[in-house]
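Colleague: build me a model:
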Amino acid sequence: MSDHYEVLGVARDASEDQIKKAYRKLARELHPDVNPSEEAQERFKLVTHAYEVLSDSQARAQYDMGGQAGFAGGFGFGDIFDSFFGSQTRGPRSRAERGQDALIRVDLLLGDVVFGVQKTIEIDTAVLCETCQGSCARPGTSAVVCDICRGSGQIQRQVRSLLGNVVTSAPCGTCRGYGQVIPDPCVDCRGQGRVRARRNLDLNIPGGVDDGLRLQLAGQGEVGFGGGPSGDLYVEFSIKTHDVFGREGDDLTAVLEVPLADAVLGTQATIETFDGSLDLEIPPGSQSGDVITIKSKGVTRLRSSGRGDLKIQLAVQIPQKLDSKQKELFRSFAKARKDEKPSLRRHTTGFFAGKRNR
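Modeller: Modelled structure (predicted):
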């Protein structure tokens, strides 16, 4: 294994400025953009790694001690644990980490909810770096064993205490606990193994989803550091208000304004629904608030089969302006039904409260 001081061409007692100047000089000579030869590239990796170690005071001190603190004689607390339970030192951690979950919001029309819909959405997220395929290293290169922790990912230190020599373990500061370092990181992802990009995602949205509902798509979230597995994507739906139809559970609701004469004598009306044109029979004597139910013309049920109903509430229109002939007709009508008088009844609330179904 090469000596870092020899690689940089400095003495072991060189100052930080001397180490930095030596690295800059060699980097200008050996950088792949200046010197593309394979020999120069290999030397550049060694020079870069040597500088990473020697420019870090803690890593340099550990390196000067041989990469691991010496163990003095004595039987300490750490030794007792090892003798009874085995070594407690953890191995290097994986560079690949699970990616974060992501949340996006999708706006839907009420018509989308009635039957379900397919949508293609664009998301901005972290994806696998195509250049290094998640290795974090420039193509043609690879990670090398950390010469500080010797690939263990841990640095052990010996501390004197009342119980004797206690051995502590901490992640290696040079390789950050990975056990390996990357001398020549991928230039596209900067050694992350992932890049941010926009991508299209096809969604098959079922009928019956409600406002605020979240749909979980496993493995469609952000790619993890080091090309690790993707997190999940949560899609939250926001349903826009319709100009005519409302929704109550799996039922659709609407109000149909009916002229007074049609309410009294009955008529047939054609209404436009999400299923197309439908003929609606309005019985004679219909009252404001009466509800006409059309079966299975509502919203598709999300967790069961079939659809809800379409419920039409009637609103009888009382004419506000009458000509003299119309007034005379109403006077004759009122005279014929002179026994009918205004009367009080209990007040009810709600869209369908106290209403008659027709």
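Colleague: going forward, measure contacts and count neighbours with C-alpha atoms only.
Modeller: Will do.
Colleague: just the element for residue 326, please.
Modeller: Taking DSSP states H and E as the criterion, residue 326 maps to helix 324-336.
Colleague: max-length helix in this structure?
Modeller: Across the chain, the longest stretch assigned as helix under DSSP state H is helix 38-54.
Colleague: which ones are touching the residue nearest to the spatial centre of the chain?
Modeller: Residue closest to the average C-alpha location in the chain (CA atoms, centre = their mean): residue 102, at 1.2 Å. Counting by CA atoms under 8 Å, 6 or more residues apart in numbering, residue 102 touches 221, 222, 231, 232, 233, 234.
Colleague: next, give me the two most distant ones among these.
Modeller: The largest separation in the contacts of residue 102, counting by CA to CA, is between 222 and 234 at 11.4 Å.
Colleague: so what's the residue count around residue 193?
Modeller: 29 (other CA atoms under 10 Å).
Colleague: and the gap between it and residue 128?
Modeller: Between residue 193 and residue 128 the computed distance is 6 Å (CA to CA, to the nearest Å).
Colleague: give me the common contacts of the two.
Modeller: Joint contacts of residue 193 and residue 128 (CA under 8 Å, 6+ apart) are 134, 227.
Colleague: leaving out the residues flanking it, which one is nearest to residue 268?
Modeller: Counting by CA to CA, 6 or more residues apart in numbering, residue 268 lies nearest to residue 281, which is 4.6 Å off, once chain neighbours are set aside.
Colleague: oh sorry, the question was meant for residue 272
Modeller: residue 278 (6.4 Å).
Colleague: show me what that neighbour is bridged to.
Modeller: For residue 278, the beta-bridge partners under DSSP bridges are residue 271.
Colleague: circling back to that earlier point, which pLDDT value belongs to the residue nearest to the centre of the chain?
Modeller: Listed pLDDT for residue 102 reads 91.
Colleague: now swap in the one 3 residues further on and tell me
Modeller: What the model reports for residue 105 is a pLDDT of 93.
Colleague: and what about it, helix, strand or coil?
Modeller: Under DSSP: H, G, I helix; E, B strand; the rest coil, the three-state class of residue 105 is strand.
Colleague: and the closest residue to it other than its chain neighbours, what does it touch?
Modeller: Leaving aside its sequence neighbours, residue 105 sits nearest to residue 236 (CA to CA, 6+ apart; 4.7 Å). Going by CA under 8 Å, 6+ apart, residue 236 touches 103, 104, 105, 106, 212, 213, 214, 215.
Colleague: what about the helix or strand where the last one lies, average pLDDT?
Modeller: Okay, so that is residue 215. Assigned by DSSP H and E, residue 215 belongs to strand 214-217. Averaging pLDDT along strand 214-217 gives 92.
Colleague: repeat for stretch 189-199
Modeller: Averaging pLDDT along stretch 189-199 yields 92.
Colleague: ok, the residue nearest to residue 268 touching residue 267?
Modeller: Yes: in this structure residue 281 lies within contact range of residue 267 using CA atoms under 8 Å: 6.3 Å.
Colleague: what's the domain layout of this structure?
Modeller: When the chain is parsed with the TED database, its domains come out as 4-66, 102-106+121-199+213-239, 245-336.
Colleague: and of those, who's closest to residue 113?
Modeller: Ranking these by distance to residue 113, with CA to CA as the measure, places domain 245-336 first at 6.9 Å.
Colleague: the closest one: how far from the chain's middle?
Modeller: Mean C-alpha position of domain 245-336 versus that of the full chain (CA atoms, centre = their mean, to the nearest Å) differs by 44 Å.
Colleague: with respect to burial, which of the domains of the chain scores highest?
Modeller: Of those, the one with the most neighbours on average (mean count of other CA atoms under 10 Å) is domain 102-106+121-199+213-239, at a mean of 19.
Colleague: what is the end-to-end distance of that domain?
Modeller: 20 Å.
Colleague: can you list the weak-confidence ranges in the protein?
Modeller: Within the chain, the ranges that satisfy pLDDT under 70 run 1-2, 32-33, 66-90, 159-166, 347-358.
Colleague: tell me where it has helices.
Modeller: Taking DSSP H as the criterion, the chain carries its helices at 4-8, 16-30, 38-54, 57-64, 77-85, 110-115, 260-265, 324-336.
Colleague: nearest to residue 145 among those helices would be which one?
Modeller: helix 38-54 (10.9 Å).
Colleague: what comes into contact with that closest one?
Modeller: By CA under 8 Å, 6+ apart, helix 38-54 touches 4-5, 7-8, 19-20, 23, 26-27, 30-32, 35, 59-60, 63, 174, 183-184.
Colleague: quick one, that helix and helix 16-30 angle?
Modeller: 160 degrees (axes from the mean of the first three to the mean of the last three CA atoms, to 10 degrees).
Colleague: and the angle for helix 38-54 with helix 57-64?
Modeller: Using the same axes, to 10 degrees, helix 38-54 lies at 110 degrees relative to helix 57-64.
Colleague: need the nearest residue in space to residue 142, chain neighbours excluded.
Modeller: Spatial nearest neighbour of residue 142, excluding adjacent residues (CA to CA, 6+ apart): residue 182 at 6.8 Å.
Colleague: what's the answer for residue 97, then?
Modeller: Nearest residue to residue 97, sequence neighbours excluded (CA to CA, 6+ apart): residue 228, at 4.6 Å.
Colleague: how about the one you found, what does it touch?
Modeller: Contacts for residue 228 (CA under 8 Å, 6+ apart) come out as 95, 96, 97, 98, 99, 134.
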